[in-house]
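A.B. asks: sequence and computational prediction follow.
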Amino acid sequence: MSLISRFASQRTAIITGAVGLAAAGVIAHSFSTVAYNEPSVAFKNKDEWINLKLAKFEDVSPDARKFTFAFESPDQKSGLITASCVFFKYVTEKGNNVVRPYTPVSDTEQTGTIEFVIKKYETGKMGNHLFGLKENDTIAVKGPIVKWPLKPNEFEKVTLIGGGSGITPLYQLLHQITKDPQEKTKVHLVYGNKTANDILLKKELDEIASKHSDRVQVTYFLDKEDSSVKAETGYITKEWLKANIPGADAKHHVFVCGPPPLYKAVSGEKVSPTDQGEVTGALADLGFTKEHVFKF
């Protein structure tokens, strides 16, 4: 081979190699771009505390606020599924840890932020701490703590019975069931409060009920009659439940969340976070067992 031919071959090999490297670089860049654009999750490990910054808050009732916390990146999702919650933690001046569970009300696919509706009680340490936060203050949070991994069309009928701030996990279930176009589950939310002003997420609940009127029903209960809102007066009783919700059946599931008096009257309280205990109260009298009822 002549010197000129050998030089031409070497030049061709160099050019071919350079083109190959360039192509490989383009492919690698494409893959890295795709990977980069895929949302990461904020809560990767249920045992790891991360600090979330308070982005904003707004009062939604005389003693409840909607808190919006920001993730580290605007592209991040929470990593939670329905139904699950997280733990909040802060350290007191004496060095004691105060830890409480809260269920978000934002969509699980939401990116950048996560939202909670939280009620403040006079003696509640965490609630009082949260209500004292200012924008850009931080709180330690960890999760997800999975409560009930909901499957599409898991039941034909679902009854949600709640009181006060116990609405949040029930709202999470209702939102998930109604946002999925493949879902056919019929849902009846029974929600008790002292006054009309105490009804949390009422706008959202009413919008869902209106949009999905063929399979969603919402019944409010108030301690005293109030002409400003359509509601039952008094407490959620066995007689009312018997007349208004489906009977105990494998295709019908009941979820309960609220203050201790509600649990005592309707379903009985949990024994522990890992032990649901037997069903008592009104639901037991109507033939429901732990196979039909879940207590948040």
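C.D. replies: Yep, that arrived.
A.B. asks: where along the protein do the strands fall?
C.D. replies: Secondary structure of the chain (DSSP state E): strands at 50-61, 64-70, 84-91, 97-102, 113-119, 138-146, 157-163, 186-193, 216-222, 232-233, 252-257, 293-295.
A.B. asks: list the helices and strands the second one packs on?
C.D. replies: Same thing as strand 64-70. If contacts are counted by 3 or more Cβ pairs under 8 Å, 6 or more residues apart in numbering; DSSP states H and E, strand 64-70 sits against strand 50-61, strand 113-119, helix 125-131. (C-beta placed from N, C-alpha, C; glycine too.)
A.B. asks: that strand pairs with which strands?
C.D. replies: Partners of strand 64-70 in the sheet, by DSSP bridges, are strand 50-61 (antiparallel), strand 113-119 (antiparallel).
A.B. asks: average pLDDT across the longest one?
C.D. replies: The predicted model assigns strand 50-61 a mean pLDDT of 97.
A.B. asks: by how many degrees do it and strand 186-193 diverge?
C.D. replies: Computed by axes from the mean of the first three to the mean of the last three Cα atoms, to 10 degrees, the angle separating strand 50-61 from strand 186-193 equals 70 degrees.
A.B. asks: the last one too?
C.D. replies: With the same axes, to 10 degrees as the criterion, the two stretches strand 113-119 and strand 186-193 enclose an angle of 50 degrees.
A.B. asks: any residues touching strand 113-119, and which ones?
C.D. replies: 42, 52, 55, 60-61, 63-71, 78, 102-106, 127, 130, 164-165, 167-168, 200-201 (Cβ atoms under 8 Å, 6 or more residues apart in numbering).
A.B. asks: correct me, but Asp59 touches Arg65?
C.D. replies: Yes: in this structure, Asp59 is within contact of Arg65 by Cβ atoms under 8 Å, at 5.5 Å.
A.B. asks: before we move on, back to that, save the strands of the chain as a markdown table, and put in distance to Thr274 too.
C.D. replies: Formatted as a markdown table, the strands of the chain follow (distance: least, Cβ to Cβ, whole Å):
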| stretch | distance to Thr274 |
| --- | --- |
| strand 50-61 | 25 |
| strand 64-70 | 28 |
| strand 84-91 | 15 |
| strand 97-102 | 14 |
| strand 113-119 | 24 |
| strand 138-146 | 12 |
| strand 157-163 | 22 |
| strand 186-193 | 26 |
| strand 216-222 | 30 |
| strand 232-233 | 34 |
| strand 252-257 | 17 |
| strand 293-295 | 12 |
